[in-house]
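Student: Need a 3D model of the sequence below.
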Amino acid sequence: MTDPSPSMQRISQLASHLTKTHPKTFLRNFTSKMASNNSNIHLYTVGTPNGIKVSILLEELGLPYKVTPISFSKNEQKEPWFLEINPNGRIPALTDTLPDGTPISLFESGSIMQYLVDRYDTEHKVSYPRGSKEGYEVNNWLHWQMGGLGPMQGQANHFFRYAPEKIQYGIDRYQNETRRLYSVMERQLEKGDYLVGDRATIADFACWGWVAAHHWAGVSLDEFPKLEAWLHRLLERPGVEKGRHVPSPHTAFDMKNKSEEELEKEAEKSKAWVQAGMKADAKK
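Tutor: You can find the predicted model right below:
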């Protein structure tokens, strides 16, 4: 009998590694993992606009992955085991195994998304080739979301829903900035159906959850018809529809049918842990 080829030896080593580290899921996941470049993806997340970016992308790419929901109310994102994955104590975070068997931890949603398309979107279904004009433009919009849309709308959420007292200056400041950023997207979408070129990319997926949650921030889409059409265009994609419900049902669209009194009651459920988390962070 001839010696096994190097590729067969590698498969055998990988199978041994997966069996030892994940015995309960090995038989179910091994075939699909081999078919997707040996991914060993584990997502740690919550169903927030930042969290669902990554689950949407994973579903769009058709990658197998495991999910661990993180409880903010229990402050799980600050526990030592999680800080080993993300020292910043925020979601989403992701672990994977590189082709040489080295484990890797990823944090910051934009970094995670870039990693996933760089490694797994070899056919550029939701990306463009590295070094292309469109590829750089996608990076523009991804960083724009990370530095602008997310932080500004996040602050609108905080002052409008979670602050212990209503500070009108803060509400106006961040709602107006969110509207301005929506107008930037509106102008861009006058050029086409997506933020960049002829396909939905990580730029679109990064922004989608935030725009879907516009009502929670107290901002209307009535003056942004292109943006609203884009929102629902992406919703028709199976990957977006499935990914938005990870790890829990996505309820952003339900908010529009609730009264402000009902929404205030929803916000009250989260105010306590939001304030507690802020006090804990202030002591460090």
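Student: C-alpha from now on. contacts and neighbour counts both.
Tutor: Will do.
Student: So what's the predicted local confidence for Gln282?
Tutor: I think there's a mix-up here, since residue 282 is Ala and not Gln. In this prediction, Ala282 carries a pLDDT score of 75.
Student: Count the residues that sit near it.
Tutor: Neighbour count of Ala282, defined by other C-alpha atoms under 10 Å: 8.
Student: Just give me the neighbour total for the closest residue in space to Pro69 that isn't next to it in sequence.
Tutor: Nearest residue to Pro69, sequence neighbours excluded (C-alpha to C-alpha, 6 or more residues apart in numbering): Thr45, at 5.3 Å. Residues lying near Thr45 (other C-alpha under 10 Å) number 25.
Student: Going toward the C-terminus from the lowest-mean-pLDDT helix or strand in the chain, what's the next helix or strand?
Tutor: Lowest on mean pLDDT, DSSP states H and E among the helices and strands of the chain sits helix 26-35, with a mean of 31. Going down the chain from helix 26-35, the next helix or strand is strand 41-45, by DSSP states H and E.
Student: next structured bit after that following strand?
Tutor: Per DSSP H and E, the first helix or strand lying C-terminal to strand 41-45 is helix 51-61.
Student: any idea how far the next helix or strand after that next one is from the chain center?
Tutor: Downstream of helix 51-61, the next assigned helix or strand under DSSP H and E is strand 65-69. Taking C-alpha atoms, centre = their mean, to the nearest Å, the mean C-alpha location of strand 65-69 is offset from the chain mean by 13 Å.
Student: so Leu149 makes contact with Arg180?
Tutor: No: Leu149 is not in contact with Arg180 according to C-alpha atoms under 8 Å; the separation is 9.5 Å.
Student: contacting residues around the spatially most central residue of the chain?
Tutor: Closest residue to the average C-alpha location of the chain: Lys53 at 2.2 Å, with C-alpha atoms, centre = their mean. Counting by C-alpha atoms under 8 Å, 6 or more residues apart in numbering, Lys53 makes contact with Ser109, Met113, Phe205, Ala206, Cys207, Trp208, Gly209, Arg244.
Student: Could you rerun that using 10 Å?
Tutor: 47, 92, 109-110, 112-113, 202-210, 240, 243-244, 246 (C-alpha atoms under 10 Å, 6 or more residues apart in numbering).
Student: Filter the residues you listed down to just the ones in helices.
Tutor: The helices, defined by DSSP state H, take in 109-110, 112-113, 202-210, 240, 243 from those.
Student: Let's see if you can find the most crowded of those.
Tutor: Within the ones in helices among the contacts of Lys53, most neighbours by other C-alpha under 10 Å means Ala206, with 29 neighbours.
Student: start to end distance for stretch 81-100?
Tutor: Length of stretch 81-100, first residue to last, C-alpha to C-alpha, to the nearest Å: 24 Å.
Student: any idea of the mean pLDDT in that stretch?
Tutor: Mean per-residue pLDDT for stretch 81-100: 97.
Student: Just the closest of the ones in helices among the contacts of Lys53 to Leu58, please.
Tutor: Nearest to Leu58 among the ones in helices among the contacts of Lys53: Gly243, at 7.4 Å, using C-alpha to C-alpha.
Student: Leaving out chain neighbours, which residue sits closest to the closest one?
Tutor: Ile56 is the one closest to Gly243 (C-alpha to C-alpha, 6+ apart), at 3.9 Å.
Student: shouldn't that neighbour be in contact with Ala200?
Tutor: No: Ile56 is not in contact with Ala200 according to C-alpha atoms under 10 Å; the separation is 11.7 Å.
Student: anything in contact with each of those two?
Tutor: Common neighbours of Ile56 and Ala200, counting by C-alpha under 10 Å, 6+ apart, are Arg237.
Student: Mind checking which of the two has more residues around it?
Tutor: Counting neighbours by other C-alpha under 10 Å for Ile56 and for Ala200 shows that Ile56 has the greater number, 26 against 19.
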